[in-house]
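J.: got a predicted structure here, sequence first:
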Amino acid sequence: MKKNIVLSLLFCIVFVLLLTGCTIGNDSASTTSSPDESLESLEPLSPPVVQPIQFDSLDDAIDFIKNNDLSKYREEEQIKYSEMNSMIKEINCLPVISFPNNNESRVDDFKIISVTLFPTAKYEDIGISYYFNYQGKNNRIIFYFFDSDCSSKIPNIETIDSYMAYRESHFGSKMPFEPSERKNIQYGGKNIEAIVRTDSINFVHNEKIYVRVNTNDTQASLDMLENISVSYLNFR
C-alpha cells in the first residue's frame with residue numbers, strides 16, 4: 001500500500017514538472033526575438049572622428065605634407081588628410097616659429113617637442129600646432145588657416161571684430177568673451193589686438209592665418225609671444 005502511495009506521489013510530481021517545463025518553454029519562445037530581428041534593431045555605428053596627426057619634428061610633418069602617402073589610413077582619414085595637405089601646399093606659407101633673440105649660451109632655451117597637423121573639424125579650420133619648451137616653460141601655439149571662401153566675404157579680416165564675424169559666419173557661433181579680455185599685446189615686435197584669457201590668447205596673424213595660444217600662465221605666454229619670430233615655408 002505504502003509503495004503504491006509513493007509511486008502515485010512521484011507520478012504527480014513528475015507530471016507537474018513536465019507541465020511547468022512546457023509553460024516556461026512556451027513563454028520563452030513568445031518573448032525571445034530571433035537573431036535576425038535583434039540585428040535589424042541595431043543602428044549602424046558612425047565612423048570615428050578623423051583626428052589631428054602628431055609628429056616628433058617639423059621635418060616629419062613637412063614630409064607628410066609633401067609626400068601625401070595616405071595608404072595606411074581609413075577612407076575617411078584619407079579624404080580629410082588629403083584635403084589638409086592640398087590646402088597647405090596651395091596657400092604655400094606654412095608658419096615656422098623661432099626665437100632669434102634666444103640666449104645662444106643656453107641651447108635648451110627653445111626646443112620643439114612635437115608638431116601636429118589639424119584637418120578640418122566641427123569648430124576648427126586646418127592648422128598646424130607647435131608644442132615646445134621656451135625658457136623652461138611648455139607652450140602650445142596653433143596657426144589656423146582661414147577658410148578663404150568665408151573670409152573673402154568679410155572686410156578687414158585682420159581685425160578682432162572681423163575675426164569674431166568670421167567665427168560666427170563659418171562655425172555658427174562667436175567665441176564668447178568679456179570686454180576686459182580684449183587687450184593690446186606685443187607679438188613678434190609689433191603691437192596687435194588680442195583676446196587674452198586665463199587659458200588662451202587669440203588673435204589674427206595676417207589675412208590668411210589666425211592664432212590661438214593655449215596657456216596656464218598668461219604672462220609667460222605673453223613674454224613668449226613678444227620674442228617669437230614667424231617665417232614661412234614654401235612648397236613650390
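T.: Noted; the coordinates are in hand. Residues are numbered from 1 along each chain as shown.
J.: contacts, neighbours, all on C-alpha from now
T.: Will do.
J.: burial count for the nearest residue to residue 233 once chain neighbours are set aside?
T.: Leaving aside its chain neighbours, residue 233 sits nearest to residue 94 (5.0 Å; criterion: C-alpha to C-alpha, 6 or more residues apart in numbering). Neighbourhood size, residue 94 [other C-alpha atoms under 10 Å]: 20.
J.: who's in contact with residue 94?
T.: Residues in contact with residue 94 (C-alpha atoms under 8 Å, 6 or more residues apart in numbering) are 88, 232, 233, 234.
J.: filter those down to the buried ones.
T.: Neighbour counting over the contacts of residue 94 (16 or more other C-alpha atoms under 10 Å) leaves residue 88 as the buried ones.
J.: the contacts of residue 94 in strands, which ones?
T.: The strands, defined by DSSP state E, take in 232, 233 from the contacts of residue 94.
J.: phi and psi next, for the residue nearest to residue 233.
T.: phi -70, psi 120 (degrees, to the nearest 10).
J.: cool, and residue 164?
T.: Torsion angles, degrees, to the nearest 10, at residue 164: phi -70, psi -40.
J.: what is the burial count for it?
T.: Neighbour count for residue 164, taken as other C-alpha under 10 Å: 16.
J.: ok, residues contacting stretch 219-234?
T.: With C-alpha under 8 Å, 6+ apart as the contact definition, stretch 219-234 has outside contacts at 89, 92-101, 134, 137, 139, 185-189, 213, 215.
J.: in what helix or strand does residue 97 lie?
T.: In this assignment (DSSP states H and E), residue 97 forms part of strand 94-98.
J.: which positions within that strand qualify as buried?
T.: By 16+ other C-alpha under 10 Å, the buried positions in strand 94-98 come out as 94, 95.
J.: next one: that strand to chain centre, how far?
T.: 21 Å (C-alpha atoms, centre = their mean, to the nearest Å).
J.: now swap in stretch 116-131 and tell me
T.: 7 Å.
J.: how long is that stretch end to end?
T.: Length of stretch 116-131, first residue to last, C-alpha to C-alpha, to the nearest Å: 8 Å.
J.: now do stretch 202-212
T.: With C-alpha to C-alpha as the measure, stretch 202-212 spans 5 Å from end to end.
J.: give me the buried subset of the contacts of stretch 219-234.
T.: Buried, going by 16+ other C-alpha under 10 Å: 89, 94, 95, 99, 134, 139, 185, 186, 187, 213, 215, out of those.
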